[in-house]
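K.L.:
Please find the sequence and the predicted model below.
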Amino acid sequence: MKQKKDNSKPKAKKAKGEVSSYDFRQNTVRSEKAVVKSYDFKKPKKFTKEHLRGLNTVNEHIIRIFASNLSGLLRVFCEVTQLKIVECRYSEYLNTLPDKTLIGLVDMNDEKTGDNRCTMITHFPSTINFFIIDILLGGAGTNYLLDRGYTDIEIAILENFYTKITRYLTEAWKNLADVKCELTGYETNPRLAQFISLEDSVVVMSFQIKMREITDVFSFCLPSINLDSILREALTKHAKLNGKNENDKEAIRKEQLADSLKGSTMELTAVLDNLYIDMQDIINLKVSDVIPLNRRIDDNIILTVEGEPKFTVRVGDRRIKKSVKICGVASTADINDFYNY
């Protein structure tokens, strides 16, 4: 039996410590053709995704505030979710709106100076508008699929509704900018709402709203040039706040909390005295009956704030009206005497 000759060359033995060569060409992968996106210089993007994330805080507040307040206003459960934030031309946004619709013009004024910082467009679709009109006029909310314009009475009802919406927007923008939103007008034809150039860039915030069997989209449109200044100011304010120490931050938070509480109302009650009377005596009370108290006419009495004893006061007259004069802060003994009588 013949043996097959092995014509292959004998492999040379590697010397100790010798490094063998490696062919790196076997790892090369043919690269695909690079995809180059065309850039439209007529429509430059002013905002990156990181910049637009600053609006997420506003959107979260809009979702929370709108869902709760619209549910209470219409007595119908409302669910609001965020869809997207896009940057486009103003003409492109107008083309997405139907011809028979109603848009509100909302001015965002500086809370301190009153200067107009931005004009925002608020758009609710016709299905939502007619549903709101039907509900507010006492209907069942079923007559909303109408393909027509709005009457003067319907516009007046929606104008009142949009005015309340602007108050919710003011609260939603509080954490980002100190602005006050006010409804300044409306348009039934979107093509006439040209407060900026059609080629200018705008940012559109879209939301989905669900009410009963209705599911539709409403939006807010803001000019990029105005929004850019608001976002820059917010970032500067946030950077300054981060540069402060914890004590300064706590002081700022307390100041903001105190400012927000200045407009709240509280009930003050001047308590002449506490005493126990039998139910039989209360039933037999008549006009001109006298109830003796355990205090002298010139003694201090307690002034309560929302039912809690806080001050000692003295009863008197001022301009033909009964009044009380605060004499001091209620002591521990006065508070114990008030509760343990």
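P.N.:
Perfect, thanks for sending it.
K.L.:
list the buried ones in stretch 219-227?
P.N.:
219-224, 226-227 (16 or more other C-beta atoms under 10 Å). All C-beta atoms are positioned from the backbone trio N, CA, C, and that covers glycine.
K.L.:
which one among these gets closest to Arg64?
P.N.:
The nearest member of those to Arg64, counting by C-beta to C-beta, is Phe220 at 15.6 Å.
K.L.:
Just grab the bridge partners of that closest one for me.
P.N.:
In this structure, Phe220 bridges to Thr122, Met205 when assessed by DSSP bridges.
K.L.:
when you give positions from now on, start the count at 350
P.N.:
Okay, residue one is now 350; in that scheme the one you just asked about reads as Phe569.
K.L.:
contacting residues for the nearest residue to Arg424 once chain neighbours are set aside?
P.N.:
Excluding its sequence neighbours, the residue lying closest to Arg424 (C-beta to C-beta, 6 or more residues apart in numbering) is Ile484, at 7.4 Å. Taking C-beta atoms under 8 Å, 6 or more residues apart in numbering, we find Ile484 in contact with 423-425, 490.
K.L.:
Can you tell me, leaving aside adjacent residues, what's nearest to Leu404?
P.N.:
In space, Leu404 is closest to Ile434, 5.8 Å off (C-beta to C-beta, 6+ apart).
K.L.:
Count the neighbours of the one you found for me.
P.N.:
18 (other C-beta atoms under 10 Å).
K.L.:
isn't there a strand covering it?
P.N.:
Yes. Under DSSP: H, G, I helix; E, B strand; the rest coil, Ile434 sits within a strand.
K.L.:
Any chance of a PyMOL selection covering the buried ones in the contacts of Ile484?
P.N.:
To isolate the buried members of the contacts of Ile484 in PyMOL, using 16+ other C-beta under 10 Å:
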select buried, resi 423+490
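K.L.:
Among the contacts of Ile484, which one sits closest to Arg644?
P.N.:
For the contacts of Ile484, the nearest to Arg644 is Arg424 (49.1 Å; C-beta to C-beta).
K.L.:
gap between that closest one and Ser475?
P.N.:
To Ser475, Arg424 is 21 Å away according to C-beta to C-beta, to the nearest Å.
K.L.:
For the residue nearest the centre of the chain, which residues are in contact?
P.N.:
Nearest to the geometric centre of the chain sits Ala521, at 1.9 Å (C-alpha atoms, centre = their mean). Residues in contact with Ala521 (C-beta under 8 Å, 6+ apart) are 407, 410-411, 414.
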